[in-house]
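pasted the sequence and its predicted model underneath.
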Amino acid sequence: METSGTTLGHELAIIALFVTLIVFGLHCSPAMATETTDRPITVYLAGDSTVASYAANRAPLTGWGQVLQRFFTDAVTVKNHAVSGRSSKSFIDEGRLDAILRQIQPGDYLLVQFAHNDEKADDPNRYTEPRTTFKTYLRQYIEGARAKGAHPVLITPMHRRQFLPDGTIRFSHGAYPQAILELGAQMQVPVIDLHRKSQVLFEKLGPEGTKRIFLWLEKGEHPNYPDGKEDNTHFSEYGAIELARLVVEGIKEANLPLAEHLRD
């Protein structure tokens, strides 16, 4: 009888443990689910002037990051940290990556696009060599995001509006786009090849059609640019939307979970 009583006591203890675990699960699981699945996703952007947001007094100048929010539902918030004139190096040296990493949360995204200013060999504060230091700096974005449980995504730079006599785009970014593709493959990071996508778009539109994409204005056409403007690097609002559309296309092609929150 003593042995039987001991066995019964053990059985009752095990049952009590299971009941406790079930009750704990009922109370805790919803909260945990809310924290991991229901929290809004934030997409952080790190980049240069082609990504940056601009004040109304510079309209219609627009970076693609300025309009990216329009493509997402309310489940996603885009925070554009891109700043004109920055390279992958100077963005970090100025503490801008650290500012993102202090905020970014598990499940968020960090989209990174540089090269336009990394190419400036006469400026030691911004220049990076594509096969060495450029990759070294980009690794800091990738590793920083991953350390916070966020998803890094690399983006190759779009082309400038520069055409060859045969109507094809002149490649002006040297080895930088290929360096991004190589690093993405090496570190298993999704890469949106905006370099290739913009080539297809710009060559389809041609030298005249691309003027609408870029900040090309006739004299007196816009009050912010009374003398007109011919800018072959930066975008009009229409152009920024078209570039953002290519980024969204890349998000879908990479099968990122973020694509679930795109507007129809």
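Looks like it arrived, so ask away.

so Glu119 is in contact with Pro177, correct?
No - assessed by CB atoms under 8 Å, Glu119 is found out of contact with Pro177, at 11.1 Å. All C-beta spots, glycine's among them, are computed from the backbone N, C-alpha and C.

tell me which helix or strand the residue nearest to Asn125 when sequence neighbours are not counted sits in.
Excluding the flanking residues, the one nearest Asn125 by CB to CB, 6 or more residues apart in numbering is Ser90, at 5.6 Å. Per DSSP states H and E: Ser90 is located in helix 88-93.

show me what that helix is packed up against.
helix 133-147 (3 or more CB pairs under 8 Å, 6 or more residues apart in numbering; DSSP states H and E).

after the helix it packs on, next one along is what?
Next in sequence after helix 133-147, counting helices and strands by DSSP H and E, comes strand 151-155.

which elements pack onto the helix or strand following that following strand?
Toward the C-terminus, strand 151-155 is succeeded by helix 176-187 as the next helix or strand (DSSP H and E). Counting contacts by 3+ CB pairs under 8 Å, 6+ apart, helix 176-187 packs against helix 133-147, strand 151-155, strand 191-192.

out of these, which comes closest to Leu181?
In terms of CB to CB, the element of the helices and strands packed on helix 176-187 nearest to Leu181 is strand 191-192, at 5.7 Å.

now do the closest one, average pLDDT.
On average, the pLDDT along strand 191-192 is 98.

wait, doesn't Trp64 sit right on Thr50?
Yes - the pair Trp64 / Thr50 is scored as a contact, 6.8 Å apart, by CB under 8 Å.

who's more crowded, the two?
Between Trp64 and Thr50, counted using other CB atoms under 10 Å, Trp64 has the larger neighbour count: 29 against 25.

helices of this structure, start to end?
Ranges of helices within the chain are 2-33, 64-67, 88-93, 96-103, 133-147, 176-187, 194-209, 237-253, based on DSSP state H.

report the angle between the fourth one and helix 133-147.
Right, the one you point to is helix 96-103. Helix 96-103 and helix 133-147 meet at an angle of 10 degrees, taking axes from the mean of the first three to the mean of the last three CA atoms, to 10 degrees as the criterion.

show me which residues of helix 96-103 are buried.
For helix 96-103, the neighbour count (16 or more other CB atoms under 10 Å) marks Arg96, Leu97, Ile100, Leu101 as buried.

for burial, what's the neighbour tally of the residue nearest to Glu218 when sequence neighbours are not counted?
Spatially, and ignoring its direct neighbours in sequence, Glu218 is nearest to Gly228 (5.3 Å; CB to CB, 6+ apart). Neighbours of Gly228 under the rule other CB under 10 Å: 12.

wait, Gly228 touches Lys219, no?
Yes - using CB under 8 Å, Gly228 makes contact with Lys219 at a distance of 4.0 Å.

how close does Glu230 sit to Glu221?
According to CB to CB, to the nearest Å, Glu230 and Glu221 sit 12 Å apart.

my bad, Tyr54
In terms of CB to CB, Tyr54 sits 17 Å off from Glu221.

who's more crowded, these two?
Tyr54 (17 against 13).

now do the contacts for Thr133.
Applying CB atoms under 8 Å, 6 or more residues apart in numbering, we find Thr133 in contact with Lys89.

give me that answer again for 10 Å
Taking CB atoms under 10 Å, 6 or more residues apart in numbering, we find Thr133 in contact with Ser88, Lys89, Asp118, Tyr127.

tabulate those residues in CSV, adding columns for distance to Arg161.
Output for those, formatted as CSV (distance: CB to CB, whole Å):
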residue, distance to Arg161
Ser88, 23
Lys89, 26
Asp118, 20
Tyr127, 23
